[in-house]
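> Give the three-dimensional model of this entry:
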Amino acid sequence: MTRFALSPRVVKFRRTGESARSEDDTASGEHEVQIEGVRAGLEAVELDDGAAVPKEFANPTDDTFMVEDAVEAIGFGKFQWKLSVLTGLAWMADAMEMMILSILAPQLHCEWRLPSWQVALLTSVVFVGMMSSSTLWGNISDQYGRKTGLKISVLWTLYYGILSAFAPVYSWILVLRGLVGFGIGGVPQS
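Residues are numbered from 1 along each chain as shown. Have a look, this model is predicted:
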């Protein structure tokens, strides 16, 4: 077996198969991937065509270096835990806002003596807000980053959710719940 003598952070691999990249991008056929924590001197594995690949990245059925192989080699660290917790909390808040509708509708029906169509409109306006904002949140996240888009949408939802708790009349709660739905439309960007 041969030993790899690469720098600690660069893994070279050869792209095979079809690709959506242009011919200019893949002219050399060799690519480098920056990976944190990959140490020098990895044990190599010989593949069918004689190319050597680090054992940690070797896929026994193919000679390509897959994204899954890189993720597996990097592992699940502090960043991934933080990302999972934050996006999980955002999705949990999204779910709670939707659950509030099932609690809010009967309560307002009794408390404010709302007819059924107004109760249904209160639920529908949240979904209209979500529908109308999803493309906007997608554009914001593409332009400024997913983290920024998620932060803004969560803060938006929090702000208008709290305001809707203090709405004195039906028209206010209708508008504020619509704005909550507008914020909820950004959570799937996570």
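> all helices for this structure, in order.
Remark: helices of the chain, listed N- to C-terminal, are 67-74, 78-111, 116-144, 146-165, 170-184; assignment by DSSP state H.
> Buried residues, the third one. List them.
When you say that, I think you mean helix 116-144. 119, 121-122, 124-126, 129-130, 133-134, 137, 140-141 (16 or more other Cβ atoms under 10 Å). (Glycine included, C-beta is placed from N, CA and C.)
> Let me know the closest of these to Ile184.
When these are ranked by distance to Ile184 (Cβ to Cβ), Met130 comes first, at 5.2 Å.
> which stretches of the protein have low pLDDT?
Residues of the chain meeting the criterion pLDDT under 70: 1-64.
> quick one, which of the helices of the chain is packed in tightest?
Per-stretch averages of neighbours, counted by mean count of other Cβ atoms under 10 Å, single out helix 170-184 among the helices of the chain, with a mean of 21.
> Name the surrounding residues that touch that one.
Counting by Cβ atoms under 8 Å, 6 or more residues apart in numbering, helix 170-184 makes contact with 94, 97-98, 108, 112, 114, 118, 121-122, 125-130, 132-133, 153-154, 156-161, 163-164, 167, all of which sit outside it.
> For the buried residues of helix 116-144, give me a markdown table that also has distance to Trp172.
Rendered in a markdown table, the data for these read as follows (distance: Cβ to Cβ, whole Å):
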| residue | distance to Trp172 |
| --- | --- |
| Val119 | 16 |
| Leu121 | 14 |
| Leu122 | 11 |
| Ser124 | 17 |
| Val125 | 12 |
| Val126 | 15 |
| Gly129 | 15 |
| Met130 | 20 |
| Ser133 | 20 |
| Ser134 | 24 |
| Trp137 | 24 |
| Ile140 | 26 |
| Ser141 | 30 |
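> Nearest to Glu68 among the residues you listed?
When the buried residues of helix 116-144 are compared for distance to Glu68 (Cβ to Cβ), Ser141 comes out closest, at 24.3 Å.
> That closest one: what's it in contact with?
For Ser141, the residues meeting the contact criterion (Cβ under 8 Å, 6+ apart) are Thr148, Gly149, Leu150, Gly186, Gln189.
> Chain neighbours aside, what residue packs nearest to the second one?
The reference is to Gly149. For Gly149, ignoring the flanking residues on the chain, the nearest one in space by Cβ to Cβ, 6 or more residues apart in numbering is Ser141 at 3.3 Å.
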